[in-house]
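Peer 1: Sequence first, predicted model second:
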Amino acid sequence: MTADTFEHKLSLPAKTVHVWFLDFENTPLPAASSSMISGDEIGRANAFRFEKHRTRFIATRAMLRGLLARYLEDRPEQIEFVAGEFGKPYLANRALQFNVSHSGSIIAIAIAHDEVGIDIEQLDRKCDVERLARECFEPREAGQLLALPAGERVAAFLKLWTKTEAFCKASGCGIGQGLRQRPDNRWTIVELDAPDGYAASLAFVGHGYNIECFDYLP
Ligand SMILES: CC(C)(COP(=O)(O)OP(=O)(O)OC[C@H]1O[C@@H](n2cnc3c(N)ncnc32)[C@H](O)[C@@H]1OP(=O)(O)O)[C@@H](O)C(=O)NCCC(=O)NCCS
C-alpha cells in the first residue's frame with residue numbers, strides 16, 4: 001500500500017505499528033518547502049558536509065512531517081519536535097510516537113502509540129565483524145556469528161545489529177547507553193521484511209501487535 005492510497009487522514013489502530021519505507025533511487029524525494037521545516041532543521045541540514053546527506057536529511061524531515069500531519073490531522077509545518085535526554089526526537093504535546101532510520105537510499109519511519117525504535121542497514125558493505133561482534137554482543141551471540149562461513153558473516157552481523165540498534169533507539173538511550181542494557185520480556189524485537197539489499201528491525205514494548213509495512217509515495 002502507498003501513501004497515495006489514503007486521500008488525507010491516516011489512522012493507527014490500537015495494538016498496531018505502521019512502518020513506512022521510501023527508496024529514493026526509485027521514488028522522487030519528498031520536497032520540503034522552506035516553510036515546512038523549522039529553523040533548527042535548516043541549521044542541521046546546513047551543517048552536513050556532503051550535499052547528498054543534506055538532501056536526505058531534508059527529505060526525511062519532509063516525509064516525517066508529511067506522515068505525522070496525516071495521522072494527527074495537522075499541518076506539516078505545525079508539527080513540533082522535542083529531544084529526549086539522548087537525542088531521541090518526540091512529538092511535543094502529542095502522544096503519537098515515531099522513530100526514523102536511514103541507510104543508503106532508504107528512509108524508514110515507524111509510527112506507534114508507544115515507544116518504538118527502527119533501524120535499517122544496507123547489507124552491501126565492509127565491516128570488521130570479528131571486532132564489532134565481540135564489542136557489541138554477548139559472547140554466545142558473537143561465537144555463533146564467528147562460526148558462520150566468512151561469506152555470510154557480514155549480513156548475519158548486520159541483521160543482528162539492526163535488532164540491537166532498534167532496541168537502543170526504542171529505549172531512547174541510543175547506542176552509547178543502550179548497548180549496556182538488555183531487553184526484558186516486555187519487548188518485541190522483530191526483523192522486518194526490508195527492501196532488497198537491506199536488513200531492518202523494529203522494537204517496541206508489548207506483544208501480539210500487528211506490524212503493517214507500506215511503501216511511501218510522496
Ligand atoms: C541515534 C543513533 C542510534 C543513530 O544511529 P544511526 O545508525 O547513525 O542512524 P539511524 O539512521 O538509524 O537513526 C537516525 C535517526 O534516529 C533518531 N534518533 C536520534 N537520537 C536518537 C536516540 N537517542 N534514540 C532513538 N532515536 C534517535 C533521529 O530521528 C535520527 O534521524 P535524524 O538524524 O534524521 O534526525 C546514534 O547516533 C546514537 O546512539 N545517538 C545517541 C547518542 C549516543 O549514544 N552517542 C554515542 C554513540 S557511540
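Peer 2: Looks like it arrived, so ask away.

Peer 1: Only C-alpha atoms from now on, for both contacts and neighbour counts.
Peer 2: Noted.

Peer 1: so F21 is in which element?
Peer 2: Counting by DSSP states H and E, the element that carries F21 is strand 16-23.

Peer 1: Could I have the CA atoms of that strand written out in PDB?
Peer 2: Extracted C-alpha coordinates of strand 16-23, given in PDB (Å, rounded to 0.1, in the frame of the first residue of the first chain):
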ATOM      1  CA  THR A  16      -0.600  -1.800  15.600                       C
ATOM      2  CA  VAL A  17       2.700  -0.400  14.400                       C
ATOM      3  CA  HIS A  18       3.000   1.200  10.900                       C
ATOM      4  CA  VAL A  19       6.300   1.100   9.100                       C
ATOM      5  CA  TRP A  20       6.900   3.300   6.000                       C
ATOM      6  CA  PHE A  21       9.700   2.800   3.600                       C
ATOM      7  CA  LEU A  22      10.900   5.200   0.900                       C
ATOM      8  CA  ASP A  23      13.500   4.200  -1.600                       C
END
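
Peer 1: what about it and the ligand, touching?
Peer 2: No - remark: strand 16-23 sits outside contact range of the ligand, by Cα under 6 Å from any ligand atom, the gap being at least 12.6 Å.

Peer 1: Return the list of helices and strands in contact with that strand.
Peer 2: strand 106-112, strand 210-215 (3 or more Cα pairs under 8 Å, 6 or more residues apart in numbering; DSSP states H and E).

Peer 1: Who does it pair with, and is each partner parallel or antiparallel?
Peer 2: strand 106-112 (antiparallel), strand 210-215 (parallel) (DSSP bridges).

Peer 1: any bit of whichever helix or strand comes after it sitting next to the ligand?
Peer 2: Scanning the chain past strand 16-23 towards its C-terminal end, the next helix or strand to appear is helix 39-47 (assignment: DSSP H and E). No - Helix 39-47 lies apart from the ligand when judged by Cα under 6 Å from any ligand atom; the minimum separation is 8.7 Å.

Peer 1: Nothing else from me, thank you.
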